[in-house]
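Chemist: predicted coordinates and the sequence they were generated for:
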There are 2 protein chains.
Amino acid sequence: MSRRPMVRPGGRSARVQEAVHTAVRELVAEVGRDALTVPQVATRAGVTPSTVYRRWGDLKELLSDVAVERLRPETPPDDLGNLSADLTAWAEEFLDEMSSPPGRAYIRDALLGDPDGGNGGQCSAYAAEQIDVVLTRAAGRGEPAPDVETVIDRVVAPMMYRILFRPDGLTPTYAHRLVTGLLAAGA
Amino acid sequence: MSRRPMVRPGGRSARVQEAVHTAVRELVAEVGRDALTVPQVATRAGVTPSTVYRRWGDLKELLSDVAVERLRPETPPDDLGNLSADLTAWAEEFLDEMSSPPGRAYIRDALLGDPDGGNGGQCSAYAAEQIDVVLTRAAGRGEPAPDVETVIDRVVAPMMYRILFRPDGLTPTYAHRLVTGLLAAGA
DNA sequence: CCGCTAGAAGCAAGGATTTTGCATTAAGGT
DNA sequence: ACCTTAATGCAAAATCCTTGCTTCTAGCGG
């Protein structure tokens, strides 16, 4: 009954993963995602193409990996003193980042190369985590607050739906209106 | 000063498009989407691969085309006598179809091979059209009814978000709850 | 500290896919 | 009926993907 050396996150494998991810980001910026190929990435990363194919299986799975990493929030949401302001600010920033051309590209990539649905779930978990911070903070202040699932249904889902299906005409006002509509309903 | 014969929707082109679409549907059913290749489709359709590459550019764009066609509603929503019943029935059927494995595959295909966002917009337009029928009918009965955009935000978007990002645990009850929550808010 | 084991990467050949230039066909307009 | 031109067929060339085998190295036990 051995430990479980099934994976080797440290050492050479880690260096290769890092090099490949960096190569993807650089090349996407240089030649654009449509012109991106696996051999190109491999060469830039100083690796053979077969290594990339064996570890990621596919260009779209590799892009999905990179996309999920870039969609991870860097900082916790700002504390502006009350729930309405916190949620509005978070929603506006979320919409701004996600509706931009690179943001939409990352979302699509994350969904695209996603055999088991794990990457899409990860993106949703990131948003849920940020929202949970905001709501927990509000509860600590004694403010009435909806639960995370409700915020996802009422704020995140509408924004994401429009980003994916109707990318035109998205403004910060829309995010603000969603939050207002939710909180006005008597949380 | 010629008209503008920039496109030729009739005649041979139409036959080729039909043959290729049919070939895609048949082969997806036979060998599965992951094993699908452009040369395979071309052979089945009685066409050369270069024709497919020139017209669609890519396997995922072709799949996107086919997916949008299959996502078009076949019949108008049922008339059950009142808005709540109509909307609930429509939402439950929508969720059932879209959250099934083939439904999810079509949605993903439609979104992912979509350079200009036209196909995603088409899917959204289909849903909006169906909802409009339901709401117009309700207005004809004198019932108070929300507008289409509100139904999309409150019912369609949450379902679609969960289908794409969290495919587990979707039940007809969820669709029903969304509709109830919307109509209870005083339309 | 030293060897052992197995997962991960390199290499290269083979096969499949994608691209591209040129010839041919057939819509659609005059 | 003819002309123009988009669309297709054909085939060669380039590129990409797969795969069997070898080599390297991280992690582990002695």
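Modeler: Great, that's in hand.
Chemist: for DNA strand D, what's the nearest residue on chain A?
Modeler: Going by CB to the nearest atom of the strand, DNA strand D is nearest to residue A:11 of chain A, at 2.4 Å. All C-beta spots, glycine's among them, are computed from the backbone N, C-alpha and C.
Chemist: contact partners for that residue?
Modeler: With contacts taken as CB atoms under 8 Å, 6 or more residues apart in numbering or on different chains, residue A:11 has no neighbouring residues.
Chemist: report pLDDT for it.
Modeler: Among the per-residue scores, residue A:11 shows a pLDDT of 76.
Chemist: check residue A:97 too.
Modeler: As summarised for this prediction, residue A:97 has a pLDDT of 97.
Chemist: quick one, helices of chain A?
Modeler: A:12-31, A:38-45, A:49-56, A:59-71, A:83-99, A:101-112, A:118-140, A:148-151, A:157-165, A:172-184 (DSSP state H).
Chemist: of all the ones you listed, which lies closest to residue B:124?
Modeler: Closest approach to residue B:124 among the helices of chain A (CB to CB): helix A:157-165, 4.1 Å.
Chemist: what's next to stretch A:89-103, contact-wise?
Modeler: Stretch A:89-103 has contacts (CB under 8 Å, 6+ apart) with A:77-78, A:80, A:104, A:107, A:127, A:130-131, A:134, A:155-156, A:159-160, A:163, A:167, A:170, A:172, A:174-176, A:178-179.
Chemist: list the buried residues of it.
Modeler: Of the residues in stretch A:89-103, A:89, A:90, A:91, A:92, A:93, A:94, A:95, A:98, A:99, A:103 count as buried by neighbour count, 16 or more other CB atoms under 10 Å in any protein chain shown.
Chemist: just stretch A:29-39 next, same as before
Modeler: Within stretch A:29-39, the residues that qualify as buried are A:36, A:38, counting by 16+ other CB under 10 Å.
Chemist: so which residue is dead centre in chain A?
Modeler: The residue lying closest to the centre of chain A (CA atoms, centre = their mean) is residue A:71, at 2.8 Å.
Chemist: how close does that residue sit to residue A:115?
Modeler: For residue A:71, the distance to residue A:115 equals 18 Å [CB to CB, to the nearest Å].
Chemist: go on, residue A:78?
Modeler: For residue A:78 relative to residue A:115 (CB to CB), the value is 36 Å.
Chemist: same question, residue A:31
Modeler: Residue A:31 is 26 Å from residue A:115, by CB to CB.
Chemist: just the pLDDT for the nearest residue to residue A:133 once chain neighbours are set aside.
Modeler: Among residues not flanking residue A:133 along the chain, residue A:76 sits closest, at 5.4 Å (CB to CB, 6 or more residues apart in numbering or on different chains). According to the prediction, residue A:76 has pLDDT 97.
Chemist: cool, and the one 5 residues further on?
Modeler: Residue A:81 carries a pLDDT value of 96.
Chemist: my guess is residue A:23 meets residue A:41, correct?
Modeler: Yes: with contact defined as CB atoms under 8 Å, residue A:23 reaches residue A:41; the gap is 4.9 Å.
Chemist: DNA strand C: which of the buried residues of stretch A:89-103 is nearest?
Modeler: residue A:103 (26.0 Å).
Chemist: how far away is that closest one from residue B:173?
Modeler: Residue A:103 sits 33 Å away from residue B:173, going by CB to CB.
Chemist: can you check residue A:77 too?
Modeler: Distance of residue A:77 to residue B:173, computed by CB to CB: 31 Å.
Chemist: give me the more crowded residue out of these two.
Modeler: Between residue A:77 and residue B:173, residue A:77 has the larger neighbour count (other CB atoms under 10 Å in any protein chain shown), namely 19 against 10.
Chemist: so what's the more buried one closest to, chain neighbours aside?
Modeler: Nearest to residue A:77 is residue A:90, by CB to CB, 6+ apart, at 4.5 Å.
Chemist: ok, back up a step: what subset of the contacts of stretch A:89-103 is buried?
Modeler: Among the contacts of stretch A:89-103, those scoring as buried are A:77, A:107, A:127, A:130-131, A:134, A:155-156, A:159-160, A:163, A:170, A:174-176, A:178-179 (criterion: 16+ other CB under 10 Å).
Chemist: filter those by proximity to DNA strand D?
Modeler: Filtering the buried ones among the contacts of stretch A:89-103 for proximity to DNA strand D by CB under 7 Å from any atom of the strand leaves nothing.
Chemist: list the contacts of residue A:129.
Modeler: Going by CB under 8 Å, 6+ apart, residue A:129 touches residue A:73.
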